[in-house]
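Chemist: I'd like to go over a predicted model; first the sequence, then the structure.
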Amino acid sequence: MRIATFHTGLSERGPGLLLRRVMDPEDTEVAAVVAMIQEVDPDILVLQDVDYDAGLATLTALADRLEQNGVAYPERFALRPNAGLPSGLDLNADGRRGGPRDAQGYGNFAGDGGMAILSRFLVAIGDVIDLSDLLWKDVPGADLPPMSEEVEQAQRLSSVAHWIVPVAIDGVTLTLMTWHGTPPVFDGPEDRNGRRNRDETGLWLRLLDGDLAIPPPAAPFVILGVGNVDPRQGEGRRDTLRALLSDARLQDPTPEGYGGLATADYAEPLGPLRVSYLLPSAGIEVLRSGILWPAPGGEIAARLGPPEHWPRHRIVWADLQLD
C-alpha cells in the first residue's frame, strides 16, 4: 500500500479560480501536478495547497482529471481550513482588519490553500477528528508571542488544519495525522510565525504524550504533511521537529530523490530544503520510500513535462506493509 503527501502549490488568489484552472486542459502547472501524481500512483494521497469549496467542486474536478489519466480515487475528503478564515480581529496589529494576515491562517479568501485527501480505501468520515479549532493558548506548553487578550482568546493554533483521519484498509484501520504548518518567516522580532510553526508540529507530540483532551490514536498511524521547516538549515525553530523525527514511537524512512532528502526547491539563498514529512508509527514495515525528484533529462523527468512548470514541492511517498 503506497501513501504520499504532496504540496501542490496550486492555490489561487480568489474563490473559483483554481477550479477554472483544473478544468483547463491547457494549464501547464495543473498538468504537471497531475503527471506527478500519475507517476507515483499512491493509494492514499494527502494534498496541500488545494483551495477548498463547500461542495468539493475543485477537489472533485482534480480527481476526475486524474481518473481520466488512469489514476482513480473514489474517496475524496476535505474540511474547511483555517487559511483565509476571517477572525474579525486585527491579528497582525497593523491597525486594520480583514487582511489576509488577519485570518486565522494566512489567506486571501476562506478556503485559500486548504488540504484534501484522495484515497482508494474507505475514509471513515464519521470518525474524523478535526483539531483545527484548538486555540493556540490551550496547547500544553504553548510558546505564545506577545498578543492582546482579545487576540489570545480567538487565535487558533492551526494555520491551515490538523486532522486525524482513520482509513479502513483490508480490515486494518490506518490513522492519518496530517497538517500544514505556517512558514516560520514573514514576521518581526517577536517571531510569531516561528513560534506558531513549532507549536503546530509539537501538537503531534502533545497528542502522542496524552496531553490533549482526546486519547492518542492506536497504531498503526502515519504523521504526514508539511512541517515547513528543515531539521538542519534554513529559517525556523527546529528543535520540536527534530524531537518528532527522533521519537521512538515513530520512524523516519528518510526518503530521497535526485535532490537528496530535500522535498522543495526554493530560490537562492534558501535552495533545496526538507519541509514535507511522512512518518509511520514504529510497528509499520516500510518496504520502500522516496521523493519524486527525478534526474534532469531522464525518462521520468520527460514524462512530467518542462521543469519550469513543476511545483516547487515534490511528492513524498512510502510503501507500507500493514499486518
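Modeler: Done, it's in.

Chemist: output the contacting helices and strands for the helix or strand harbouring T178.
Modeler: Using DSSP states H and E, T178 sits within strand 172-180. Counting contacts by 3 or more Cβ pairs under 8 Å, 6 or more residues apart in numbering; DSSP states H and E, strand 172-180 is packed against strand 44-50, strand 114-119, strand 162-169, helix 192-208, strand 221-226. (C-beta placed from N, C-alpha, C; glycine too.)

Chemist: in the stretch 51-200 of the chain, which spans are strands?
Modeler: 75-77, 114-119, 122-123, 129-130, 162-169, 172-180 (DSSP state E, counting those that start in this stretch).

Chemist: now, of these, which is deepest in the fold?
Modeler: The highest average neighbour count among the strands of the stretch 51-200 of the chain, using mean count of other Cβ atoms under 10 Å, belongs to strand 114-119 at a mean of 25.

Chemist: before we move on, the earlier item: quick one: average pLDDT of the strand holding T178?
Modeler: Here strand 172-180 scores 98 as its mean pLDDT.

Chemist: separation between R96 and D102?
Modeler: 8 Å (Cβ to Cβ, to the nearest Å).

Chemist: secondary structure class for G290?
Modeler: Using DSSP: H, G, I helix; E, B strand; the rest coil, the secondary structure recorded for G290 is strand.

Chemist: so which of the helices and strands packed on strand 172-180 is nearest P306?
Modeler: strand 44-50 (20.4 Å; Cβ to Cβ).

Chemist: pull out the buried residues from that closest one.
Modeler: Of the residues in strand 44-50, 44-50 count as buried by neighbour count, 16 or more other Cβ atoms under 10 Å.

Chemist: which two from those end up farthest apart in space?
Modeler: Within the buried residues of strand 44-50, I44 and D49 form the most distant pair, 17.9 Å apart (Cβ to Cβ).

Chemist: low pLDDT regions in the stretch 1-150 of the chain?
Modeler: Across the stretch 1-150 of the chain, nothing is flagged by pLDDT under 70.

Chemist: tally of neighbours for P306?
Modeler: 10 (other Cβ atoms under 10 Å).

Chemist: what's it in contact with, if anything?
Modeler: P306 is in contact with T28, counting by Cβ atoms under 8 Å, 6 or more residues apart in numbering.

Chemist: circling back: right, and the helices and strands packed on strand 172-180 - which one's nearest A302?
Modeler: Judged by Cβ to Cβ, the one of the helices and strands packed on strand 172-180 that comes nearest to A302 is strand 44-50, at 22.7 Å.

Chemist: the inter-axis angle of that closest one versus strand 162-169?
Modeler: Interaxial angle, strand 44-50 versus strand 162-169 (axes from the mean of the first three to the mean of the last three Cα atoms, to 10 degrees): 150 degrees.

Chemist: strand 44-50 pairs with which strands, parallel or anti?
Modeler: strand 2-7 (parallel), strand 114-119 (antiparallel) (DSSP bridges).

Chemist: want to throw the ones you listed into a markdown table with distance to G236?
Modeler: Formatted as a markdown table, the strands paired with strand 44-50 follow (distance: least, Cβ to Cβ, whole Å):
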| stretch | distance to G236 |
| --- | --- |
| strand 2-7 | 16 |
| strand 114-119 | 20 |
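
Chemist: I315 is nearest to which of those?
Modeler: It's strand 2-7; of the strands paired with strand 44-50, that one is closest to I315 (Cβ to Cβ) at 4.4 Å.

Chemist: list the buried residues of that closest one.
Modeler: Counting neighbours by 16+ other Cβ under 10 Å, one finds that the buried residues in strand 2-7 are 2-7.

Chemist: check stretch 206-216 too.
Modeler: Residues 206-208, 212, 216 are the ones in stretch 206-216 that count as buried (16+ other Cβ under 10 Å).

Chemist: and these, which is closest to L122?
Modeler: P216 (22.4 Å).

Chemist: from D265, how far off is that closest one?
Modeler: When P216 is compared with D265 (using Cβ to Cβ), they lie 35 Å apart.

Chemist: what sits against the nearest residue to R101 once chain neighbours are set aside?
Modeler: Leaving out its chain neighbours, the residue that sits closest to R101 by Cβ to Cβ, 6 or more residues apart in numbering is N92, at 4.0 Å. Shown in contact with N92 (Cβ under 8 Å, 6+ apart): 99, 101-102.

Chemist: now list the buried members of the residues you listed.
Modeler: So, by 16+ other Cβ under 10 Å, the buried ones in these are 101-102.
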